[in-house]
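K.L.:
Give me the fold of what follows.
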Amino acid sequence: MTFSIVAFDSKTKDLGVAVESKFPAVGNAVPFAEAGVGAIATQSHANTTYGPRGLALLRRRIGPTKAIVELTSKDKDRAKRQVGIVDARGRAASYTGYECNPWAGHIVGRGYACQGNILAGEGVVTGMARAFESTVGDLPVKLLAALLAGTAAGSSPRPSSSCGRRADTAGSTTGGSTSGSTTTRGRSTSSSGSSTCTT
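P.N.:
The predicted structure follows:
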């Protein structure tokens, strides 16, 4: 079970990713973000190269929808993958491969995308979207509200064991990765190898 949200705040220009999963240390595999560029969540047999490669495409001004096509088109395991992307212009897109474990799917809204797999049902991602849209506050507050709504909607019959959140703030200079409830700010690209993990 994994569900996530990638999002952009049009007022502050902040970008962020939040994820919850039954897999330990999910914050080291799923979230990628870079201030002024975009945010990516790669999950469901996660191809962690999607993070740095996707950010490189966004830096070249390739939009999220085309970036997903570029990332998945040559991936022989794309049917098992799930990825959500938002760029620094607020454009968002998501992809759910047809072999992702059910329930699997996504919802894309203005400035965000929610996606998940091995969920109790569609209500998890729609609940996340409603919470993100209706919550007042800065981006980390809205990301946390989305995760809490996903959990409240039943998330999965499997218990969660970890969560991660990454928020990149326009103009900040520190960086790193996060797992748990802390926030990381600055330029962050997380792991860049070719490893795959099931999330």
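K.L.:
Helix or strand with the lowest mean pLDDT in this structure?
P.N.:
One helix or strand of the chain scores below all others by mean pLDDT, DSSP states H and E: strand 196-197, with a mean of 36.
K.L.:
Nearest spatial neighbour of the spatially most central residue of the chain, chain-adjacent residues omitted?
P.N.:
By C-alpha atoms, centre = their mean, the mean C-alpha position of the chain lies nearest to Ala41, the distance being 2.9 Å. Once flanking residues are discounted, Ala41 sits nearest to Ser4: 4.0 Å by C-beta to C-beta, 6 or more residues apart in numbering. (Glycine included, C-beta is placed from N, CA and C.)
K.L.:
Any idea what that neighbour is bridged to?
P.N.:
Beta bridges link Ser4 to Val19, Gln115, judged by DSSP bridges.
K.L.:
For it, give me its contacts.
P.N.:
Neighbouring residues of Ser4 by C-beta atoms under 8 Å, 6 or more residues apart in numbering: Val17, Ala18, Val19, Glu20, Val30, Pro31, Ala41, Gln43, Gly84, Cys114, Gln115, Gly116.
K.L.:
what residues does stretch 53-62 touch?
P.N.:
32, 34, 37-38, 40, 42, 64, 66-68, 70-71, 83, 85, 87-88, 189.
K.L.:
which parts of the lengthiest helix in the chain are buried?
P.N.:
The longest helix of the chain (DSSP state H) is helix 139-152. By neighbour count on 16 or more other C-beta atoms under 10 Å, the buried set for helix 139-152 is Leu139, Pro140, Lys142, Leu143, Leu144, Ala145, Ala146, Leu147, Leu148, Ala149, Gly150, Thr151.
K.L.:
Also stretch 115-124?
P.N.:
Applying 16+ other C-beta under 10 Å to stretch 115-124 flags Gln115, Gly116, Asn117, Ile118, Leu119, Ala120, Gly121, Gly123, Val124 as buried.
K.L.:
Turn the residues you listed into TSV, including secondary structure, pLDDT and distance to Phe8.
P.N.:
Output for the buried residues of stretch 115-124, formatted as TSV (DSSP: H, G, I helix; E, B strand; the rest coil; pLDDT from 0 to 100; distance: C-beta to C-beta, whole Å):
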residue	secondary structure	pLDDT	distance to Phe8
Gln115	strand	98	16
Gly116	strand	97	19
Asn117	strand	96	23
Ile118	coil	94	27
Leu119	coil	94	24
Ala120	coil	93	27
Gly121	coil	95	27
Gly123	helix	96	24
Val124	helix	96	21
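K.L.:
Out of those residues, which comes closest to Ser94?
P.N.:
Ser94 lies nearest to Gln115 out of the buried residues of stretch 115-124, by C-beta to C-beta, at 4.9 Å.
K.L.:
and the closest one, what does it touch?
P.N.:
Going by C-beta under 8 Å, 6+ apart, Gln115 touches 3-5, 41, 43, 82-84, 94, 96, 105-107, 125.
K.L.:
Of these, which belong to strands?
P.N.:
Those of the contacts of Gln115 mapping onto strands are 3-5, 41, 43, 82-84, 94, 96, 105-107, per DSSP state E.
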